[in-house]
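Enquirer: sequence plus predicted model, see below.
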Amino acid sequence: MFLKFELKKVKFHKDLVKKAKCKCDNCDKIYLREARGVSSTNIFPKKTFCNIKCRREFFKDCKVDGCNKNAYSAHLCKPHYIKKQRYGVTEGPKCQVCDGRSVNPKSKRNKQTTQKMNRIFKGLMCSQCYKDILRRYILFVLGNKCSCCGEKELNFLAIDHKFGGGSKERKIIGEKYFYYENIIKNIKKYQILCHNCNVGKWINKGKCPHKDAHV
């Protein structure tokens, strides 16, 4: 904290040198800092420290309520600092599905994506929960079981392209919820396979090994 200006005699200087008298906001130590050419007190920061150790100790904790992480920059931990830079706020409204991730519809990175997020989410859910809901809906429409071996465990199931070309499509559309929205529009081109049948189909050049075993 800045207190006042003082004129002090310094070695190797004939004239008095202008110094700024400050108080450390961490250890309350009174110290002098360089102030030559400074005519206004506005140039000094609101928080002043006698050394770098005091500064690091003062800013060691994140200032967001309920966050116990160490500060990364600007008295914020790294996740909150990134949110502040990207969205302008450290904490947005919480997702009403998972109650964990914050919903930040005002992204500064991509205007087109931002407009779509505003239409879909409206501050209700995060993108990950929306993606999970779309996947569950696709599995429900396609029967909730592997079309080859009949596996029903949802964590074992995958969405498969009947005629191949899934990797190329993902590169064009993207891996986010846009990919699942495109599947819903063209649901007849897809089927459900468990991961075993899906990998077996890829290794066996488009045909599941189960079908060869039945022949």
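Expert: Yep, that arrived.
Enquirer: pull the number of nearby residues for the nearest residue to residue 164 once chain neighbours are set aside.
Expert: With sequence-adjacent residues excluded and distances taken as CB to CB, 6 or more residues apart in numbering, residue 164 is closest to residue 206, at 6.4 Å. In short, each C-beta sits where N, CA and C put it, glycine included. Residues lying near residue 206 (other CB atoms under 10 Å) number 10.
Enquirer: cool, and the one 3 residues further on?
Expert: Here the neighbour count serves as a burial measure; for residue 209 (other CB under 10 Å) it reads 15.
Enquirer: can you tell me the helix or strand for the residue nearest to residue 164?
Expert: Using DSSP states H and E, residue 206 is not contained in any helix or strand.
Enquirer: how close does it get to residue 197?
Expert: 12 Å (CB to CB, to the nearest Å).
Enquirer: likewise residue 190?
Expert: From residue 190 to residue 197 the distance is 14 Å (CB to CB).
Enquirer: comparing these two, which residue is more hemmed in?
Expert: More crowded of residue 190 and residue 197, by other CB under 10 Å: residue 197, with 25 against 18.
Enquirer: that one contacts residue 204, correct?
Expert: No: between residue 197 and residue 204 there is no contact under CB atoms under 8 Å: 10.0 Å.
Enquirer: can you dump the C-alpha coordinates of the top helix by length along the chain into CSV?
Expert: In the chain, assigned by DSSP state H, the helix with the most residues is helix 127-141. This file holds the C-alpha atoms of helix 127-141, laid out as CSV (Å, rounded to 0.1, in the frame of the first residue of the first chain):
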residue,chain,number,x,y,z
SER,A,127,-21.9,-29.8,-23.3
GLN,A,128,-20.7,-33.2,-21.9
CYS,A,129,-24.1,-33.9,-20.4
TYR,A,130,-25.9,-32.9,-23.6
LYS,A,131,-23.6,-35.3,-25.5
ASP,A,132,-24.3,-38.1,-23.1
ILE,A,133,-28.1,-37.6,-23.5
LEU,A,134,-27.8,-37.6,-27.3
ARG,A,135,-25.9,-40.9,-27.1
ARG,A,136,-28.4,-42.5,-24.8
TYR,A,137,-31.2,-41.5,-27.2
ILE,A,138,-29.4,-42.9,-30.2
LEU,A,139,-28.9,-46.3,-28.4
PHE,A,140,-32.6,-46.3,-27.4
VAL,A,141,-33.8,-45.7,-31.0
